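K.L.:
okay, structure incoming, though there's no sequence with it:
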Ligand code: SF4
């Protein structure tokens, strides 16, 4: 096979174009991606086709939301010199591989993917009885395999998708010979990150703290955040282990602050307002440098778009190499192989 040699293990991961990212996206994935750049050859993809698998009816904001995601990637420290940042829909080979894989994928494999059943049951406001929605884990498999990724960072809920990808790679090999390495899941440690109402931070709950929220907004959101329900009055002792603000401290505050929180909360020596102020300090310290970097791209979005275009070109090349291998393995290359007469 004629793919270019890889010196470092290759990582592929993607995010849907959901618009501005929040702290949950940062802690659950982006922070880890930034770190991975030191060790791996990274491909990070805005998976705009995936957005259409559920939100096909209104595509008016997909492009704008893709750009917002890239602003936050660059702000958080993804480095286009080291990582390939690209837009899925402009690497058409993903669709070609998806089609070829669809020929060999038994329907039952897709129907038993846990998120397929769950989301069909839970999402009532749109019709997910579509071919695109059933096939979305297969598109994800194509996204991964087309870069011959060795490693895919995932949360717990995505492990089944990587297992499916591995099964598909094996099935492809059994028919046509080995082209794809079987990718490994790399479980991202995802600390519990509550939103302002104490539930998991999520845009659909309206409880997010955004990476781009200015300092006064962060402080205001913290002020209204729920706390340990047992701490009704200032004189009641509380417990940071059952308080969402305590969870924020555990992720973002220094050890010294954490010690003050435990001591002050349990002895009722501090009030919640003071404690929330410390959590806000830690967040602002994290977000300020990101927002400084983001400003440059907000003021000149073309800069971010150029980065995305250049990355997409690099991705197209890598994907094109794999497709040559795929077509050769399937006996469908364009090279003439008949008699030379
Ligand atoms: S003092 Fe802090 S940790 Fe304790 S209940 Fe109040 S906000 Fe939560």
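P.N.:
Structure's in. What do you need? Bear in mind that the values here come from a model prediction, so they are computed numbers and not experimental data. Numbering: from 1, shown residues only.
K.L.:
which residues in the stretch 151-300 of the chain form strands?
P.N.:
In the stretch 151-300 of the chain, the strands defined using DSSP state E, counting those that start in this stretch lie at 151-154, 184-187.
K.L.:
okay if I get these as TSV plus mean pLDDT?
P.N.:
Putting the strands of the stretch 151-300 of the chain into TSV (pLDDT from 0 to 100) gives the following:
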stretch	mean pLDDT
strand 151-154	94
strand 184-187	93
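K.L.:
just name the most buried of those strands.
P.N.:
The highest average neighbour count among the strands of the stretch 151-300 of the chain, using mean count of other C-beta atoms under 10 Å, belongs to strand 151-154 at a mean of 21. Any C-beta I mention is one placed from the backbone N, CA and C, and that applies to glycine too.
K.L.:
that one: how far from the chain's middle?
P.N.:
The chain centre lies 10 Å from the centre of strand 151-154; the measure is C-alpha atoms, centre = their mean, to the nearest Å.
K.L.:
related to what we said a few turns ago, in TSV: the strands of the stretch 151-300 of the chain, plus distance to residue 43.
P.N.:
Formatted as TSV, these follow (distance: least, C-beta to C-beta, whole Å):
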stretch	distance to residue 43
strand 151-154	10
strand 184-187	14
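K.L.:
what would those strands look like in CSV with distance to the ligand?
P.N.:
Formatted as CSV, these follow (distance: least, C-beta to the nearest ligand atom, whole Å):
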stretch, distance to the ligand
strand 151-154, 31
strand 184-187, 28
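K.L.:
got the residues of this structure near the ligand?
P.N.:
By the rule C-beta under 6 Å from any ligand atom, the part of the chain lying against the ligand is 227-228, 231, 238, 240, 243, 245-246, 261, 265, 270, 272, 275-276.
K.L.:
these in helices, which ones?
P.N.:
Of the residues of the chain next to the ligand, the ones assigned to helices by DSSP state H are 245-246, 261, 265, 272, 275-276.
K.L.:
element containing the residue nearest to residue 168 when sequence neighbours are not counted, please.
P.N.:
In this structure, residue 168 finds its nearest non-sequential neighbour in residue 141, 5.0 Å apart by C-beta to C-beta, 6 or more residues apart in numbering. Taking DSSP states H and E as the criterion, residue 141 maps to helix 136-145.
K.L.:
list the buried ones in stretch 262-282?
P.N.:
264-265, 270, 272, 275-276, 278-282 (16 or more other C-beta atoms under 10 Å).
K.L.:
give me the phi and psi for residue 84.
P.N.:
Main-chain torsions, residue 84, degrees, to the nearest 10: phi -90, psi 110.
K.L.:
would you enumerate the residues in contact with it?
P.N.:
Counting by C-beta atoms under 8 Å, 6 or more residues apart in numbering, residue 84 touches 42-44, 311, 314-315, 318.
K.L.:
ok, now residue 117?
P.N.:
Counting by C-beta under 8 Å, 6+ apart, residue 117 has contacts residue 111.
K.L.:
so what's it scoring on pLDDT?
P.N.:
At residue 117, the model reports a pLDDT of 82.
K.L.:
may I ask which helix or strand of this structure has the lowest mean pLDDT?
P.N.:
helix 114-122 (a mean of 82; mean pLDDT, DSSP states H and E).
K.L.:
next helix or strand past that one?
P.N.:
Following helix 114-122 in sequence, per DSSP H and E, is helix 131-134.
K.L.:
could you list the residues in contact with that following helix?
P.N.:
52-54, 56, 107, 110-111, 116, 119-120.
K.L.:
for those, pick the one with the most neighbours.
P.N.:
Highest neighbour count within the contacts of helix 131-134: residue 53, with 21 neighbours (other C-beta atoms under 10 Å).
K.L.:
roughly how far apart are the nearest residue to it once chain neighbours are set aside and residue 147?
P.N.:
The shortest distance from residue 53 to any non-neighbouring residue, by C-beta to C-beta, 6+ apart, is to residue 136 (4.2 Å). Here residue 136 is placed at a distance of 18 Å from residue 147 (C-beta to C-beta, to the nearest Å).
K.L.:
what are the boundaries of the helices in the stretch 1-150 of the chain?
P.N.:
Using DSSP state H, counting those that start in this stretch, the helices found in the stretch 1-150 of the chain span residues 23-25, 31-36, 48-54, 62-76, 93-104, 107-111, 114-122, 131-134, 136-145.
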